[in-house]
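Visitor: Take a look and give me a structure for this.
(4 chains)
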2 protein chains.
Amino acid sequence: MAAQTRERIVNRSAELFRRQGFAGTGVKQIVAEASAPFGSLYHFFPGGKEQLGEEVIRWSGAIYGQLLDAFFTPGGDPVAATRNFFAAAAATVRESDYADACPIATVALEVSSTSEPMRQACADVFNGWVDGATERLVGCGLSRKRSRALAFSMIASLEGAFVLSRALRSTEPIEVAGATVTAEVREAMAKRRQRQRS
Amino acid sequence: MAAQTRERIVNRSAELFRRQGFAGTGVKQIVAEASAPFGSLYHFFPGGKEQLGEEVIRWSGAIYGQLLDAFFTPGGDPVAATRNFFAAAAATVRESDYADACPIATVALEVSSTSEPMRQACADVFNGWVDGATERLVGCGLSRKRSRALAFSMIASLEGAFVLSRALRSTEPIEVAGATVTAEVREAMAKRRQRQRS
DNA sequence: TAATAAATAGATAGATCGCTCTAGTCATGC
DNA sequence: GCATGACTAGAGCGATCTATCTATTTATTA
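Guide: Numbers count the residues shown, from 1 in each chain, chains lettered A, B, ... in the order given. Here you go, the predicted model:
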């Protein structure tokens, strides 16, 4: 029961933060939608809203990182993984009526200049994603340098496509970004095979 | 004097919104930093904060669109333009201590699910950028379809790189995105020449 | 079962929010 | 000179913000 309340608070906060941002979401709204007692928020998060924000960033960042891992399985085809990952992202955005895109991008932009602990949490999450994707691509035989560039390219393209997609209420940006990045990965893999043959 | 006050309000709001977001910036802070009388805000913007927000989005969007146009001059080299544009973006971000990236992305993510007029303003701005870039690329001889895809790719990559760059306090994402998109444009131009020769 | 800790419950403080209101200043045209 | 409208100036309203506080209930362990 206790842990459930805490979990509900983090869950609802994550959804509200990614849709309305950190500053745009009040703690009253959080506890109300989480069906949690107001006092419990400050019991579980004595550091207040900022501590909750930091924790939500790390938690949703980890969830999304797992999703990334689920697509880029070791030994799998990175080209198909990229295509499928972007397709899944587009589907999620469409099905949520353009509400649920990146779980932390809104907060990241809001707090990067105003809250160092929360900015650091976002940085840790992004670094984790980039490092994770890099390792998977290295596992596919690409050089570390090329893998890191591809990983950055992939995540940046997705993040930017999310921004455009939400504002335009269209999945075209995600589809275009997906096609472009997929082609990039395909080319990188082709060049690797070419190099191996020679 | 009158028009100057209005201008100061829009200017300061633009800077504050892009750094702290819309919800994270109070009207009191705006008028204080703009050295404007509080009453003037509601004199010039009877629609209140939301009207100001919408106007700021359109205004800064137009400014940034002009910047894009300044790099992608008709008849110029689109490859060099892309490279220079990303390099300039990286320099701006670095020089502002990772504060000034995209003028509207923060607000776009915040309001896309909460304020339809402001979301529409963001959509209009993004569409304007994409259409502008598309026309310039069409002017370079690329097909409309290919041009639009490249334009989306360019803007999405930049937007995403901005998100990562601010959180990571590093220009690496922008540099990587710049190199990737530049290579894409170069390849598109090369394929066009190949097609022309045959 | 008694004792202790954990969590719930919500009233309330104090600050800040967006905004309205009235009063005053200033420039311009009659 | 004086009327008119544009703008300045800021006090203050009700609402809402985050956070603290005490009291009570629930769970855990001795």
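
Visitor: Can you tell me which residues in chain A are near DNA strand D?
Guide: For chain A, the residues in contact with DNA strand D (Cβ under 7 Å from any atom of the strand) are A:1, A:25-29, A:38-39, A:42, A:46, A:48-50. Where you see a C-beta, it was placed from the backbone N, CA and C, and this is true even at glycine.

Visitor: Could you turn the buried ones of those residues into a PyMOL selection?
Guide: The PyMOL selection below is limited to those of the residues of chain A next to DNA strand D classed as buried (16 or more other Cβ atoms under 10 Å in any protein chain shown):
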select buried, chain A and resi 25+27+49
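
Visitor: Show me the residues of chain A next to DNA strand D that map onto helices.
Guide: A:27-29, A:38-39, A:42, A:48-50 (DSSP state H).

Visitor: what's the most distant pair in those?
Guide: Largest separation among these by Cβ to Cβ: A:39 and A:50, giving 18.1 Å.

Visitor: export the residues of chain A next to DNA strand D to TSV and tack on pLDDT and distance to DNA strand C?
Guide: Output for the residues of chain A next to DNA strand D, formatted as TSV (pLDDT from 0 to 100; distance: Cβ to the nearest atom of the strand, whole Å):
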residue	pLDDT	distance to DNA strand C
A:1	43	6
A:25	97	14
A:26	96	11
A:27	96	10
A:28	95	8
A:29	96	14
A:38	94	4
A:39	91	3
A:42	95	7
A:46	94	11
A:48	95	12
A:49	97	12
A:50	97	15
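
Visitor: that older thread, rebuild the ones in helices among the residues of chain A next to DNA strand D as JSON lines, extending it with distance to residue A:170.
Guide: As requested, those are exported to JSON lines (distance: Cβ to Cβ, whole Å):
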{"residue": "A:27", "distance to residue A:170": "33"}
{"residue": "A:28", "distance to residue A:170": "34"}
{"residue": "A:29", "distance to residue A:170": "29"}
{"residue": "A:38", "distance to residue A:170": "39"}
{"residue": "A:39", "distance to residue A:170": "43"}
{"residue": "A:42", "distance to residue A:170": "41"}
{"residue": "A:48", "distance to residue A:170": "38"}
{"residue": "A:49", "distance to residue A:170": "33"}
{"residue": "A:50", "distance to residue A:170": "34"}
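
Visitor: By mean pLDDT, flag the weakest helix or strand of chain A.
Guide: Here the helix or strand of chain A ranked lowest by mean pLDDT, DSSP states H and E is helix A:2-20, holding a mean of 91.
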